[in-house]
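# mind folding the following:
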Amino acid sequence: MSSPHRKRRPSLVDQMDTPVKSDVEDSMSQTVQGWLVVLPSVLLVLFEGLVSLITANLPKFVLRQCTAVVRFLFGVAGDKEAKLNGDIKSTDYLGRRELLHGALDIHEMAGVFNFTIEDHIVQTDDNYLLTLHRLNPVSHGIRPNGRALYFHHGLLMNSEIWLCREDVHENLPLHFLLQGYDCWLGNNRGNKYSGKHLKYKPSQREFWDFSIDEFVRFDIPNNVDYILETTGKETISYIGFSQGTTQIMAALSVNVALNSKIDKLCVISPATTPRGLNNGLLNSILHFSPNLMYLLFGRNILFAHAGLWAQVMYPKLYLISIDIATNFLFGWKNENMDEADKYVSYYHLYSTTSVKTVVHWFQIMNGARLTMYKDSSSLGANFYTPEYPTRTSLAVPTIIIYGTGDSLVDIDQIRQQLPRKYLKKVVGLEGYEHLDLIWGRRVGDVIKSVGKFLHYNELDGESGKSIIINT
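Here you go, the predicted model:
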């Protein structure tokens, strides 16, 4: 006879029910945690939109009064501000900084150095109109060396990022222009210089229906073809920064013909598969659902009013806000740039893009693979999302230049994404972060490395050799 206190053996139903309950509870817990992250984010976005709307409609005299108050609060009024202005205007060299800071477009920036920019319009195969900016050696009385360089910017940027240093030789395109290179600066669809389409207007949702895939499929190869046709050259060399490196690597991996049109590839701060964001809250959003960005910002332009803040905020406050934002997102300290350098570069840092592009980046970070955009529809969920085959299809001699303190660059993974045969050199700048490689104090080291590689001979050096420059 069994004891009345003996435990009953769990039935098959009990055994099956336990893990099911646990899975359901875990799922519910994750959902609740996700929404606890989502709701504050939605409120923050709504608040930013409301403040931007109010600010945009304030009379100018009110904005001037607000600026005066901020100056007082930051203790930069009076003697300190006069000293700063005096220092900036004391020499022609430092005077460039003020002119670059206030420049409204890339033409004015080039004019600071007495150079002129040519505008060239490229119609993509899907009917966007992109602006290419050209620095032509012939137009400046410089003897051409017969070679052309194509520079391309990163995410939420435009071609202005290449002309932010007050020393002419610390701006990559200007330095190489003086050596006789024909320099072309690209712009992605949807940024400040490429806001036209033959059918859609920027006010329409259809205009912003693009991701990294469209940059890869259309913008890069169409720009390359235009440059080759205009110059009559057979090949060009490509210099990309951040997302500009991702776009060219992905384009070369799916466009075999493009490999024969580019003779050298310089990738600076290559962010092909970022390791994620520095802030735990935002990483939670990322892992909860990349498509959450659509809920927060819609399916149109991203941060449409961001440029307004640079116009209305007092400079000191604006620089601090950018430093806080980049530290919050990526953990950057931005200590390799002087405040005077930020005074120029931060004012030419931002340009527009689509929300879909950022969603695509979140998908890449979530999967830790350089994949094509994944359709968020229920039907799209049934299909495998292909990865860009950079390891097998890219066939251009390449140099990687990165900062060892860059949280967005996983150098080991990037090395794996490139064919060993074509990866010729890897240069790391000790302690440097993402933006430092184009705006930091030792940008000359970057330019020197690029210059050496442009003169690189296939028989020189050792493939894949790594060096670290102590900055």
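# contacts, neighbours, all on C-alpha from now
Noted.
# contacting residues for residue 205?
Listed by C-alpha atoms under 8 Å, 6 or more residues apart in numbering, the contact set of residue 205 reads 299, 300.
# give me the sheet partners of the strand or helix carrying residue 184 and which way each runs.
Assigned by DSSP states H and E, residue 184 belongs to strand 182-185. Its sheet considered, strand 182-185 pairs with strand 128-135 (antiparallel), strand 148-152 (parallel) by DSSP bridges.
# mind giving me the packing neighbours of the next helix or strand after the last one?
Just to be clear, that refers to strand 148-152. Later in the chain than strand 148-152, the nearest helix or strand by DSSP H and E is helix 172-177. Contact partners of helix 172-177 among helices and strands, from 3 or more C-alpha pairs under 8 Å, 6 or more residues apart in numbering; DSSP states H and E: strand 128-135, strand 182-185.
# any chance of the ones you listed in TSV, with distance to residue 159, mean neighbour count and mean pLDDT too?
Converted to TSV, the helices and strands packed on helix 172-177 look like this (distance: least, C-alpha to C-alpha, whole Å; neighbours: other C-alpha atoms under 10 Å; pLDDT from 0 to 100):
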stretch	distance to residue 159	mean neighbour count	mean pLDDT
strand 128-135	8	24	98
strand 182-185	6	25	98
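# dump those strands into TSV; add distance to residue 317 as well.
Compiled in TSV, these are given as follows (distance: least, C-alpha to C-alpha, whole Å):
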stretch	distance to residue 317
strand 128-135	32
strand 182-185	31
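# which one of these lies nearest to residue 420?
Among these, strand 182-185 comes nearest to residue 420, with 28.6 Å by C-alpha to C-alpha.
# which residues touch the helix or strand following that closest one?
Going down the chain from strand 182-185, the next helix or strand is strand 196-197, by DSSP H and E. Applying C-alpha under 8 Å, 6+ apart, the contact partners of strand 196-197 are 127, 128, 129, 130, 190, 202, 207.
# swap the cut-off to 6 Å and go again
127, 128, 129 (C-alpha atoms under 6 Å, 6 or more residues apart in numbering).
# give the contact list for the first one.
With contacts defined as C-alpha under 6 Å, 6+ apart, the neighbours of residue 127 are 197, 198.
# and if you look at the last one?
Contact criterion C-alpha under 6 Å, 6+ apart gives 122, 123, 196, 197 as the residues in contact with residue 129.
# with neighbour count added, can I get those residues in TSV?
Converted to TSV, these look like this (neighbours: other C-alpha atoms under 10 Å):
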residue	neighbour count
122	20
123	18
196	19
197	18
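# so which of those residues comes closest to residue 444?
residue 122 (31.8 Å).
# the closest one pairs with what?
Residue 122 has these beta-bridge partners by DSSP bridges: residue 130.
# tally of neighbours for the residue nearest to residue 157 when sequence neighbours are not counted?
Leaving aside its sequence neighbours, residue 157 sits nearest to residue 351 (C-alpha to C-alpha, 6 or more residues apart in numbering; 4.7 Å). Neighbourhood size, residue 351 [other C-alpha atoms under 10 Å]: 22.
# confirm residue 351 sits in a helix?
No. Counting by DSSP: H, G, I helix; E, B strand; the rest coil, residue 351 falls outside a helix, being coil.
# pLDDT wise, what is it at?
If you check residue 351, the pLDDT there is 95.
# wait, it sits on residue 189?
No. Using C-alpha atoms under 6 Å, residue 351 makes no contact with residue 189, being 10.8 Å away.
# backbone dihedrals for residue 138, please?
Note on residue 138: its backbone torsions stand at phi -60, psi -40 [degrees, to the nearest 10].
# specify the local secondary structure of the closest residue to it other than its chain neighbours.
Of all residues beyond its chain neighbours, the one nearest residue 138 is residue 144 (6.6 Å), with distances taken as C-alpha to C-alpha, 6+ apart. Put simply, residue 144 is coil when judged by three-state DSSP.
# quick one: which of the contacts of residue 129 is nearest residue 223?
Nearest member of those to residue 223, counting by C-alpha to C-alpha, is residue 122, at 6.6 Å.
# where's that closest one relative to residue 198, distance?
Between residue 122 and residue 198 the computed distance is 12 Å (C-alpha to C-alpha, to the nearest Å).
# after the worst-scoring helix or strand of the chain on mean pLDDT, which helix or strand is next?
Each helix and strand of the chain was given a mean pLDDT (mean pLDDT, DSSP states H and E); the minimum falls on helix 79-89 at a mean of 40. Remark: after helix 79-89, the chain's next helix or strand is helix 92-102, criterion DSSP H and E.
# just after that next one, pick out the following helix or strand.
Following helix 92-102 in sequence order, the next helix or strand is helix 106-112 (DSSP H and E).
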